[in-house]
Every structure is written in C-alpha cells, then in structure tokens.
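Participant: Turn this into a model:
(one chain, ligands or ions: 2)
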Amino acid sequence: MISVSEAEKLIFQIKLTLKTELVPLSDAIGRVLAEDVSADRPFPPFDRVAMDGITVGEGSFQEGDRFEVKGIQAAGAPTTELTAQAMEVMTGAILPVGGGSVIPYEHLSWEETEGCHVAILQQPCKAGQNIHRKGSDRPKGDLLIAAGRKISSPEIATLATVGKAEVRVQARPKVAIVSTGDELVEVAAMPLPHQIRKSNSPMLVARLAELGIEAQAYHLNDDRELLKDGLEKLMQQYEVLLFTGGVSMGKFDFVPEVLDAVGVRKSFHKVKQRPGKPFWFGAWDSGVVFALPGNPVSSFFCFERYFIPWFYQQQGRDFRPLRVRLSSEVVFKPALTRFLEVSVRQNAEGIFEAAPRKGGGSGDLAKLNEVDGFIELPAAETTFHEGTFFDFYGFRQ
Ligand SMILES: Nc1nc2c(c(=O)[nH]1)N[C@H]1C(S)=C(S)[C@@H](COP(=O)(O)OP(=O)(O)OC[C@H]3O[C@@H](n4cnc5c(N)ncnc54)[C@H](O)[C@@H]3O)O[C@H]1N2
Ligand code: MOO
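Facilitator: Ligands and ions are numbered 1, 2, ... in the order given. Alright, predicted model coming up:
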C-alpha cells in the first residue's frame, strides 16, 4: 500500500495530450485559453476624450480664461479639426485635431456674446488633462493574456475588444463514468429489498459538470466478460474512465483484473487512506482509469482528492487547497491519512474554521449534505490539535 502523496505523484505522472478547439466567444467562459492573445491595435486605439465637456488648444489655463466654442465631436464620429478656440467633445470621442486638453462641463460657465458661445473656466486646467492617450494602456502587439489562463469575464472583455469572435481553447477530456454492481438499479426504479439506487454516477456527473465536463454514465454488471467487452469499447471512445465499485476484495470485485486483462497498466492499487483505501489507478496509451471504491463517500473523496488536482494539472493550472483551522481536537489512531468531513465558516478575523462532523462511515452519503468538504489529516500523527491548519478540499461553490 502506498501513501497519499505517493499516489498523487504517480497520478500526476500521467499526462493526456489534450487537443484544442475553436469555440464562439459566447461559449468561452470557463474554458482554458489555448492561444496567446495580443493587442490588435494600441489600447486605446486613438486619443480618447475622457470627460464630457470642451477641448481647448495646447497649454494650461487659469480660472477666468474664456474660449469661443464651435462645433461638437461625438463618440463614434470621425475626427474633425478645431475651428475655434474650443469645441464640445463627448466621452469616448476621438480628440479633434488641435485639441490639447479636455475641460468637463462642471468646470465651465457660459455666456452668449454677439452670437458666439463663450465658455469661462471656473478652475485651472492642466495641459493634456482628461485625455486617454493612444497606446497609453498597451502598445499594439503587446501580450494581453497568455495561453493557459482560465477564461473569466475580464478575459471575455479583452477577447471581445481584440475581435476574437472565435477563441482557441483546450478541448475537454472525454470522460465516462462506469458504475458496477448487481445491487444497483436506476434512479427512477423502485428497488427490491436487496437493491439500492445508483447514486455515485449522478453525483460524479454533477461534479464534473461543475468543472465544465459533460460526462456520460454507463453501468456494467459484475460479470468478467461483460466488464471486459464494455471496457474495451469505452477505451476506444474515452480518455478518462471513472469506475465506481468493484475494486476491493469481494468475490465479484472484477474491476482490477479486467483492467489488467485489457492492457490498462496499473500504477497502484490501495492507498493508506480512509475513506477510499481500495482506490485503483492506471493508464493505457491514450487514456487513464480512476477506479474509485464503491462506497459513496470513498468515491466522492477520491474524486476530489485525486481527479480534480490532476485535471487542473492537465490544464496547466495550479490546484491549491485552502488552508483551514481545525476548531476542535480530533484523535485518529490508524496509520492512515484521514479525509475528515468538516463544515467550514469564516470567523470575524477572516480565518476559515473547520468543524469536524461526526457520522457514519464511507457508506453514509446523507452526511455529505451537512458538510462543506474534508480536511486531510496526515498519517504520521494521531492527535490533531485545535487551532492547527490543514488542507481543505471543498465541494460547495
Ligand atoms: N475484505 C475486505 N472488504 C472490504 C475492504 C477490504 O479492504 N477488505 N475494503 C472496504 C472498503 S474500505 C471499501 S471503500 C469498499 C469498496 O469496495 P468496492 O470498490 O469493491 O465497492 P463495492 O463493493 O462494489 O461497493 C461498496 C458499497 O458501495 C455501494 N455502491 C457501489 N456503487 C455504488 C453506486 N454507483 N451508487 C451507490 N452506491 C454504490 C455498494 O452497494 C456497496 O454497499 O469495500 C470494503 N470491503
Ligand atoms: O476506504 Mo472505505 O472507503 O473506508 O469504506
């Protein structure tokens, strides 16, 4: 049996070659950028008027200075030339030729003299004020976003402004979830006394959807031949197979031997952890298998602890668990890493406090409704003191 950190290391060694694809900008949110994005023009692309008011010629001016005002430069109108001492200009307009600074309406009073509009300055005006100079944010060709960034709304704005109606992003891995076990029936079915409804696949499909992955769910019964045939077909179509169940010591736990029979190379079977000890992991040339233990809490926690960080790594992103403070002492004797269910609240000082939640074992899926995630208690210790910080794997958004 290997440790959690050894398991993680072996998992991280497996790298998929993710393809890229073009998607419309409207579908790019949450995807990972697969191209560098540079400024197609200077930012801003012209000397941009930054306040509604008037533009006057070069130089600085004093309170009481007077300007004859003629004409108006609206946003969206091609540039014009200053034909008097000043021209009205609107925010977002290109600065008229001859304009040297912009004085907002709030700093002006007005007079009508012999058919002329005259603006009188009420405050001093600095040379060049209220002009957002061409290229002052970024020069043309400047790298704005490097490939590998997860696209959020600020990136959408940048992509839009450089004209990316279509964006090259990393393709998502093709993922199948395969539940196993003859005791399992469909969600809509009425189970017989010895049966239960499938809950692991809907849970994992939902969790993958939160990660932006649309996974397909399959079920294979506890039969070597059926498992082998099913597995061979799935390996043709998918890059990631998430098995649940059938990996421990039972007489019908055929998953490890069938994976071996079809040529999936085992990286490890069994990890010094609770829950999730019988976790199996391996890969074939173009894909990877996470064979998660069937108990719902074990399946879920192994998915959170191993699949999600691995998925981040495939995308070139860092996965950093939040550090949280244990709010009461915990004693755990076996020499296993303990993934302990906790509720987490931020206290008045801004620290995240993790309160352990007692409950059943790894079959107690109802308990998951009452927790926010789990903390990882290292195998080397048995007493975990109040006030100590641990890594937190949260599953609520
Ligand atoms: N002799 C031993 N027995 C067991 C060991 C062991 O080390 N030695 N480990 C125990 C631990 S720990 C776990 S975890 C389980 C994992 O076993 P399997 O991966 O083989 O899972 P199953 O036996 O198929 O199922 C376990 C349990 O979970 C329920 N289950 C399975 N799939 C689903 C699903 N899709 N939705 C809802 N519930 C599911 C299943 O009905 C079982 O009750 O093994 C222990 N045994
Ligand atoms: O490792 Mo199992 O998940 O304790 O029931």
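Participant: Name the residues of the stretch 201-350 of the chain found near ligand 1, please.
Facilitator: 201, 244-250, 253, 275, 277-278, 293-296, 298 (C-beta under 6 Å from any ligand atom). For every residue, glycine as well, the C-beta is placed using N, CA and C.
Participant: Am I right that residue 338 is in a helix?
Facilitator: No: using DSSP: H, G, I helix; E, B strand; the rest coil, the secondary structure at residue 338 is strand, not a helix.
Participant: Excluding residues flanking it in the chain, which one is nearest it?
Facilitator: residue 377 (4.2 Å; C-beta to C-beta, 6 or more residues apart in numbering).
Participant: mind listing the helices for the stretch 101-250 of the chain?
Facilitator: With DSSP state H, counting those that start in this stretch as the criterion, the stretch 101-250 of the chain has helices at 153-161, 200-210, 224-237.
Participant: Which of the ones you listed sits closest to ligand 2?
Facilitator: Relative to ligand 2, the nearest member of these by C-beta to the nearest ligand atom is helix 200-210, separated by 12.2 Å.
Participant: Phi, psi for the residue of the chain found nearest ligand 1 please.
Facilitator: Closest residue of the chain to ligand 1, C-beta to the nearest ligand atom: residue 294 (2.5 Å). With angles defined as degrees, to the nearest 10, residue 294 sits at phi -70, psi -30.
Participant: so what's it closest to, chain neighbours aside?
Facilitator: residue 245 (2.9 Å).
Participant: Also residue 254?
Facilitator: Closest to residue 254 by C-beta to C-beta, 6+ apart is residue 224, at 5.1 Å.
Participant: quick one: the residue of the chain most remote from its centre from residue 68, how far?
Facilitator: Taking C-alpha atoms, centre = their mean, the residue of the chain most remote from its mean C-alpha position is residue 114, at 64.1 Å. For residue 114, the distance to residue 68 equals 10 Å [C-beta to C-beta, to the nearest Å].
Participant: Count the residues that sit near the closest residue to residue 208 other than its chain neighbours.
Facilitator: Nearest residue to residue 208, sequence neighbours excluded (C-beta to C-beta, 6+ apart): residue 215, at 4.4 Å. Residue 215: 21 surrounding residues under other C-beta atoms under 10 Å.
Participant: quick one, what contacts residue 215?
Facilitator: 175-177, 204-205, 208-209, 242 (C-beta atoms under 8 Å, 6 or more residues apart in numbering).
Participant: on that earlier part again, neighbours around the residue nearest to residue 338, how many?
Facilitator: 23.
Participant: Residues of this structure that sit close to ligand 2?
Facilitator: Residues of the chain lying close to ligand 2 (C-beta under 6 Å from any ligand atom) are 274-277, 293, 295, 298, 361-362.
Participant: Among the residues you listed, which ones are in helices?
Facilitator: residue 298 (DSSP state H).
Participant: Among the residues of the chain next to ligand 2, the buried ones, what's the ChimeraX command?
Facilitator: Restricted to buried positions by 16 or more other C-beta atoms under 10 Å, the ChimeraX selection for the residues of the chain next to ligand 2 reads:
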select :274,275,276,277,293,295,298,362
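Participant: quick revisit: which of the residues of the stretch 201-350 of the chain next to ligand 1 count as buried?
Facilitator: By neighbour count, with 16+ other C-beta under 10 Å, those hold 201, 244-248, 253, 275, 277-278, 293-296, 298 as buried.
Participant: circling back to that earlier point, can you check the pLDDT for the residue of the chain closest to ligand 1?
Facilitator: We have a pLDDT of 96 for residue 294.
Participant: Contacts only, for it.
Facilitator: Counting by C-beta under 8 Å, 6+ apart, residue 294 touches 180-181, 200, 244-248.
Participant: now these as JSON lines including pLDDT?
Facilitator: Listed next are the contacts of residue 294 as JSON lines, based on pLDDT from 0 to 100:
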{"residue": "180", "pLDDT": "94"}
{"residue": "181", "pLDDT": "93"}
{"residue": "200", "pLDDT": "97"}
{"residue": "244", "pLDDT": "97"}
{"residue": "245", "pLDDT": "94"}
{"residue": "246", "pLDDT": "91"}
{"residue": "247", "pLDDT": "93"}
{"residue": "248", "pLDDT": "88"}
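Participant: okay, among these, which ones form the most distant pair?
Facilitator: 200 and 248 (14.6 Å; C-beta to C-beta).
Participant: since we're on residue 321, how many residues are nearby?
Facilitator: 17.
Participant: In contact with it, which residues are there?
Facilitator: Shown in contact with residue 321 (C-beta under 8 Å, 6+ apart): 376, 391-393.
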